[in-house]
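Asks: Compute the structure for the input listed below.
(one chain, ligands or ions: 2)
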Amino acid sequence: MKPLESTNLFANSINKSFSTPGMDSSLEVLEDIWFHIMEGEFVSILGPSGCGKSTFLNILAGFEEPDSGHVACCGETVKAPSPQRAVVFQSPVLFPWLSVKNNVRYGLDLRKEGKKGTEDIASSYIKAVGLDGFEDYYPSQLSGGMQQRAAMARALVLRPKVLLMDEPFASLDAQTRYSMQQLLLRLWEEYRHTVVFITHDVEEALLMSDRICIMSKRPGKIIEELPVPFARPRPLSLTGSREFSMLKNHILERLMT
Ligand SMILES: Nc1ncnc2c1ncn2[C@@H]1O[C@H](COP(=O)(O)OP(=O)(O)OP(=O)(O)O)[C@@H](O)[C@H]1O
Ligand SMILES: [Mg+2]
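Replies: Ligands and ions are numbered 1, 2, ... in the order given. Coordinates of the predicted model:
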């Protein structure tokens, strides 16, 4: 399959196995995955626990190498992690010994951009995620949701082309989760990153994405791709509509097969 011109990230025929600890055999985790995402598109990946979603995201990020197949981003083969592809995990990855401000500007400092520019860019992203006033706090002094917002600012400040998110809101309570979803959508509408979003929550996928890919049980493969037909913005009341319920039920059934 030849990717289209505006395809931002694609993975062709990805296979991956891991050796089984303490045994002579291997565990087949991903089987012939074909995936593409267009520039600025928001795609969710749903699949049963253990089907290989995080492994696949790690391959897209360049943290893991596939056994076979090809991954390319922005016209280049993915061989290693790159600032073009930022990753946000379920638990916020922040340096505990650095303040919010210094965590957010860490990647910029590594790039050795001018001090004044760095300060301004970091502040604008801290503001964008609603953490202004908390610049000098340390991660242990923040709530879980605030830590995740700082992690998002830290990822976005490097202006990645692609944002790879592995269940970023799974550990948050329902209210914080909703406000983080709204924040992510606002940032996405402003910066138009391409987003690959792993979630277990079917409603979250339907409220957030342009398209949903459903993975099978391990060895994971993509068994269905669904365009999400709802116009944006999508109010919470959408979840009560007949079309939403039908799609949700269809996805839940596919996840159980
Ligand atoms: N480094 C590794 N070495 C050996 N096996 C691994 C390794 N990483 C993942 N696996 C195995 O690969 C399978 C898929 O794991 P993965 O974390 O990708 O699943 P997942 O779909 O993200 O699950 P969850 O929804 O629970 O997060 C699991 O059986 C896991 O034990
Ligand atoms: Mg996972």
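Asks: Which parts of the stretch 151-257 of the chain are strands?
Replies: In the stretch 151-257 of the chain, the strands defined using DSSP state E, counting those that start in this stretch lie at 162-166, 194-198, 211-215, 222-227.
Asks: and residue 229, what are its phi and psi?
Replies: With angles defined as degrees, to the nearest 10, residue 229 sits at phi -90, psi 0.
Asks: repeat for residue 228
Replies: Residue torsions, per degrees, to the nearest 10, at residue 228 are phi -90, psi 120.
Asks: For the nearest residue to residue 224 once chain neighbours are set aside, list each beta-bridge partner.
Replies: Once flanking residues are discounted, residue 224 sits nearest to residue 214: 4.5 Å by Cβ to Cβ, 6 or more residues apart in numbering. (Glycine included, C-beta is placed from N, CA and C.) Bridge pairing for residue 214 (DSSP bridges) gives the partners residue 46, residue 224.
Asks: How many residues are close by residue 214?
Replies: Neighbour count of residue 214, defined by other Cβ atoms under 10 Å: 23.
Asks: just use 156 as the starting number from now, easier for me
Replies: Sounds good: first residue 156 from here, last item residue 369.
Asks: can you list the weak-confidence ranges in the stretch 306-412 of the chain?
Replies: Along the stretch 306-412 of the chain, no part satisfies pLDDT under 70.
Asks: Quick check, the residue in it closest to ligand 1?
Replies: residue 373 (5.9 Å; Cβ to the nearest ligand atom).
Asks: so what's that residue up against?
Replies: 182, 183, 184, 203, 205, 206, 207 (Cβ atoms under 8 Å, 6 or more residues apart in numbering).
Asks: Now the fifth one: phi and psi?
Replies: This means residue 205. Torsion angles, degrees, to the nearest 10, at residue 205: phi 90, psi 10.
Asks: How about the contacts made by it?
Replies: 372, 373 are the contacts of residue 205 under Cβ under 8 Å, 6+ apart.
Asks: Let me know the pLDDT of it.
Replies: Residue-level confidence at residue 205 comes out at 95, pLDDT.
Asks: Could you point out the longest helix of the protein?
Replies: When the chain is scanned for its longest helix (criterion: DSSP state H), the result is helix 329-346.
Asks: Distance from the chain centre to that one, please.
Replies: 13 Å (Cα atoms, centre = their mean, to the nearest Å).
Asks: Domain map for this structure?
Replies: 162-239+315-411, 248-314 (automatic domain parsing).
Asks: Show the end-to-end separation of the shortest one, please.
Replies: Yep, that's domain 248-314 we're talking about. 18 Å (Cα to Cα, to the nearest Å).
Asks: related to what we said a few turns ago, chain neighbours aside, what residue packs nearest to the residue of the stretch 306-412 of the chain closest to ligand 1?
Replies: Nearest non-adjacent residue to residue 373, counting by Cβ to Cβ, 6+ apart: residue 206, 4.9 Å away.
Asks: and if you look at residue 258?
Replies: residue 249 (4.9 Å).
Asks: Check residue 240 too.
Replies: Nearest one to residue 240, counting by Cβ to Cβ, 6+ apart, is residue 317 at 4.6 Å.
Asks: Could you give the bridge partners of that neighbour?
Replies: Beta-bridge partners, per DSSP bridges, of residue 317: residue 240, residue 349.
Asks: Tell me how many other residues crowd it.
Replies: Neighbour tally, residue 317, other Cβ under 10 Å: 21.
Asks: Kindly report the same for the one 5 residues further on.
Replies: The tally of other residues near residue 322 (other Cβ under 10 Å) stands at 19.
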